[in-house]
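Undergrad: predicted model, plus sequence, below.
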Amino acid sequence: MINTNAMPPEQKNAPGHESYGETRRSKMGFAISKVMAATELEKLKSTLEKNSLQDVSKQINEELNLLNSTTLDIAITGVPGAGKSSLVNALRGMDDSMAGAAKIGGIEKTIEAKKYPHPTFPKVTIWDLPGIGTPNFKAKEYLKMTHLAEYDFFIIAAERFTEHDVLLAKEIQKMKKKYCFVHSKIDQSIQADKRKPNFSEEETLAKIRKYCSENLRKAGEPNPRVFLISSWDLSAYDFPLLQETLRNEVDDLKRQVIIESMPAFSKEALEKKKAAMEALIWKVAFVSCGIGVVPLPGLSLVCDISILVVTMVRFCRVFGLDEESLGRLAQRVGKPIDELKSAIKKAPLANQITKEFVLDLLSKSVFSGAVVTVDFVLKFIPVLGSLAGGAACFVTVFFILKSFLNDIKEDAENVLAKVTELQDK
């Protein structure tokens with residue numbers, strides 16, 4: 001067992017570290033229930049009945065490698081003042097004033113696209129493109145110079161859409177790419193209308209949506225999709241629908257990237273992240289069976305520690321439970337980061353997950369007394385017994401990650417609730 005007294009102070013006193021390790025003994029037996037295990041193992045059994053162990057292992061490895069190398073490029077185009085920069089920042093979980101944020105205001109003087117990598121997921125890039133049809137960028141010249149084929153999805157932003165926006169949409173369609181129209185300053189429009197007598201937010205939204213759609217139809221767009229959003233409050237208006245559209249309009253790998261990288265602003269968004277990570281867990285556990293696993297000192301387990309560390313860190317970043325993401329969230333809502341950290345009760349932050357932490361976690365988990373055993377796994381998938389330590393490794397990795405994911409999601413919900421509480425004060 002790891003000597004916690006020898007740990008660095010920042011790890012030993014990390015939020016959730018002691019409670020997380022110390023409560024595993026009671027939680028792990030619950031997490032590894034026969035009912036839960038049987039459901040998951042049946043899925044894997046079905047897969048192996050159709051394909052050989054080697055073919056499945058090769059396919060999963062290829063999928064994981066592709067996922068880790070998949071890029072996502074979202075282009076936002078519109079005239080100056082359309083709210084592009086704030087939307088670029090919002091999609092990256094950033095405030096307009098942060099270092100590395102897209103600058104708001106100013107006059108566009110160049111046709112060059114501006115590249116803004118996601119601060120946590122660098123293979124995700126949001127591009128700020130100049131607006132089409134402005135005095136500086138005539139429509140025909142624009143289409144020649146912007147290299148539209150390089151992007152995966154387009155967001156055309158404006159408060160009043162014109163025939164130039166529709167022309168751009170048609171060019172995007174020709175390349176078999178997807179796009180949508182966004183009014184990204186709806187909060188400002190609502191605020192302006194509040195001064196009018198007999199104000200109704202619902203009526204104002206309907207009026208603006210109708211106005212945008214009619215302009216696009218007049219310009220030649222037969223079935224316009226217009227999303228009314230606020231870059232300051234992503235949980236409001238149409239942003240959840242915009243996220244859903246982004247997910248549905250790309251291939252499976254890019255969909256996974258979108259789910260992992262997009263800001264989690266609601267319980268529904270957290271549920272989608274959890275579902276995506278659950279789909280990843282059994283693949284990681286299966287791959288771990290074929291990695292030269294070794295017995296862990298002092299434990300009746302075999303496991304590849306590094307795969308647990310990498311995957312746990314990934315989960316933390318996906319749910320925004322890393323130092324950098326929490327810092328950006330704290331700045332965005334104007335509250336001290338320590339207040340957000342106080343909501344984290346169970347799991348450590350990403351930078352506190354080390355091999356030593358995982359070993360300590362494993363040493364406090366009573367796998368030998370858990371309901372699910374290696375023999376139980378082999379009854380479902382006897383072929384795992386052909387791998388040295390295969391079944392034991394699958395059990396270890398799968399259920400440690402499953403339990404960890406549940407805790408991470410709960411902590412992320414707690415942070416979300418804390419943000420709401422602090423904003424309501």
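TA: Alright, I've got the coordinates.
Undergrad: quick one: residues contacting residue 70.
TA: Going by CB atoms under 8 Å, 6 or more residues apart in numbering, residue 70 touches 123, 253-254, 256-257. Bear in mind the C-beta positions are built from the backbone N, C-alpha and C, glycine included.
Undergrad: can you map out the strands along the protein?
TA: Counting by DSSP state E, one finds strands in the chain at the ranges 72-77, 114-117, 124-129, 153-157, 178-183, 226-228, 294-295, 302-303.
Undergrad: out of those, which one sits most buried?
TA: Mean neighbour counts were taken over these using mean count of other CB atoms under 10 Å, and the top value, a mean of 25, falls to strand 153-157.
Undergrad: for it, packing partners?
TA: Packed against strand 153-157 by the contact rule (3 or more CB pairs under 8 Å, 6 or more residues apart in numbering; DSSP states H and E) you find strand 72-77, helix 84-91, helix 163-174, strand 178-183.
Undergrad: tell me the helices in the stretch 151-300 of the chain, going along the chain?
TA: Taking DSSP state H, counting those that start in this stretch, the helices of the stretch 151-300 of the chain run over residues 163-174, 186-193, 201-218, 239-248, 252-261, 267-289.
Undergrad: can you tell me which of those helices comes nearest to residue 325?
TA: Ranking the helices of the stretch 151-300 of the chain by proximity to residue 325 (CB to CB) places helix 252-261 first, at 10.9 Å.
Undergrad: packing partners for that closest one?
TA: Helix 252-261 packs on helix 53-69, strand 72-77, helix 239-248, helix 267-289, going by 3+ CB pairs under 8 Å, 6+ apart.
Undergrad: what mean pLDDT does the first one have?
TA: The average of the pLDDT scores along helix 53-69 is 83.
Undergrad: could you export it as PDB, CA atoms only?
TA: Taking C-alpha atoms only, helix 53-69 is exported to PDB below (Å, rounded to 0.1, in the frame of the first residue of the first chain):
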ATOM      1  CA  LEU A  53     -10.400 -12.000 -30.400                       C
ATOM      2  CA  GLN A  54      -7.600 -10.800 -32.600                       C
ATOM      3  CA  ASP A  55      -9.900  -9.000 -35.100                       C
ATOM      4  CA  VAL A  56     -11.900  -7.300 -32.300                       C
ATOM      5  CA  SER A  57      -8.700  -6.200 -30.600                       C
ATOM      6  CA  LYS A  58      -7.200  -4.800 -33.800                       C
ATOM      7  CA  GLN A  59     -10.500  -3.000 -34.700                       C
ATOM      8  CA  ILE A  60     -10.700  -1.400 -31.200                       C
ATOM      9  CA  ASN A  61      -7.100  -0.300 -31.300                       C
ATOM     10  CA  GLU A  62      -7.600   1.300 -34.700                       C
ATOM     11  CA  GLU A  63     -10.700   3.100 -33.400                       C
ATOM     12  CA  LEU A  64      -9.000   4.400 -30.300                       C
ATOM     13  CA  ASN A  65      -6.000   5.600 -32.400                       C
ATOM     14  CA  LEU A  66      -8.300   7.300 -34.900                       C
ATOM     15  CA  LEU A  67     -10.200   9.000 -32.100                       C
ATOM     16  CA  ASN A  68      -7.000  10.300 -30.500                       C
ATOM     17  CA  SER A  69      -5.900  11.700 -33.900                       C
END
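Undergrad: and the angle for it with helix 267-289?
TA: Counting by axes from the mean of the first three to the mean of the last three CA atoms, to 10 degrees, helix 53-69 lies at 130 degrees to helix 267-289.
Undergrad: number of residues surrounding residue 284?
TA: When counting by other CB atoms under 10 Å, one arrives at 20 neighbours for residue 284.
Undergrad: is it true that it touches residue 309?
TA: No. Assessed by CB atoms under 8 Å, residue 284 is found out of contact with residue 309, at 11.6 Å.
Undergrad: picking up where we left off before, mind giving me CSV with the helices and strands packed on strand 153-157 and columns for mean pLDDT and distance to residue 349?
TA: Output for these, formatted as CSV (pLDDT from 0 to 100; distance: least, CB to CB, whole Å):
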stretch, mean pLDDT, distance to residue 349
strand 72-77, 94, 25
helix 84-91, 90, 23
helix 163-174, 89, 40
strand 178-183, 93, 33
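Undergrad: turn these into a markdown table, including distance to residue 198.
TA: Listed next are these as a markdown table, based on distance: least, CB to CB, whole Å:
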| stretch | distance to residue 198 |
| --- | --- |
| strand 72-77 | 35 |
| helix 84-91 | 30 |
| helix 163-174 | 32 |
| strand 178-183 | 23 |
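Undergrad: between the ones you listed, which gets nearest to residue 331?
TA: Closest to residue 331 of these is helix 84-91 (CB to CB; 11.4 Å).
Undergrad: packing partners of that closest one?
TA: strand 72-77, strand 124-129, strand 153-157.
Undergrad: ok, the last one: who's next to it in the sheet?
TA: When you say that, I think you mean strand 153-157. According to DSSP bridges, strand 153-157 forms sheet pairs with strand 72-77 (parallel), strand 178-183 (parallel).
Undergrad: out of those strands, flag the one nearest residue 421.
TA: Ranking these by proximity to residue 421 (CB to CB) places strand 178-183 first, at 29.8 Å.
Undergrad: picking that back up, residue 346 is nearest to which of the helices and strands packed on helix 84-91?
TA: Shortest distance between residue 346 and the helices and strands packed on helix 84-91, using CB to CB, is found for strand 124-129: 27.6 Å.
Undergrad: ok, back up a step: tell me which of the helices and strands packed on strand 153-157 sits nearest to residue 398.
TA: The closest of the helices and strands packed on strand 153-157 to residue 398 is strand 72-77. By CB to CB, the value is 28.0 Å.
Undergrad: distance from that closest one to the middle of the chain?
TA: In terms of CA atoms, centre = their mean, to the nearest Å, the centre of strand 72-77 is found 17 Å from the chain centre.
Undergrad: same check, this time on stretch 326-335
TA: On the basis of CA atoms, centre = their mean, stretch 326-335 sits 18 Å off its chain's mean C-alpha point.
Undergrad: next: stretch 348-362.
TA: Worked out by CA atoms, centre = their mean, stretch 348-362 lies 22 Å from the chain centre.
Undergrad: pull out the buried positions in that stretch.
TA: Buried residues in stretch 348-362, counted by 16 or more other CB atoms under 10 Å: 348-350, 352-354, 356-362.
Undergrad: also stretch 253-268?
TA: For stretch 253-268, a neighbour-count test (16+ other CB under 10 Å) marks 253-266 as buried.
Undergrad: same thing with stretch 326-336?
TA: Buried residues in stretch 326-336, counting neighbours by 16+ other CB under 10 Å, are found at 326, 328-330, 332, 335.
Undergrad: export the residues you listed to JSON lines and tack on distance to residue 92 and pLDDT?
TA: Output for those, formatted as JSON lines (distance: CB to CB, whole Å; pLDDT from 0 to 100):
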{"residue": "326", "distance to residue 92": "15", "pLDDT": "94"}
{"residue": "328", "distance to residue 92": "9", "pLDDT": "92"}
{"residue": "329", "distance to residue 92": "12", "pLDDT": "91"}
{"residue": "330", "distance to residue 92": "16", "pLDDT": "91"}
{"residue": "332", "distance to residue 92": "11", "pLDDT": "86"}
{"residue": "335", "distance to residue 92": "19", "pLDDT": "87"}
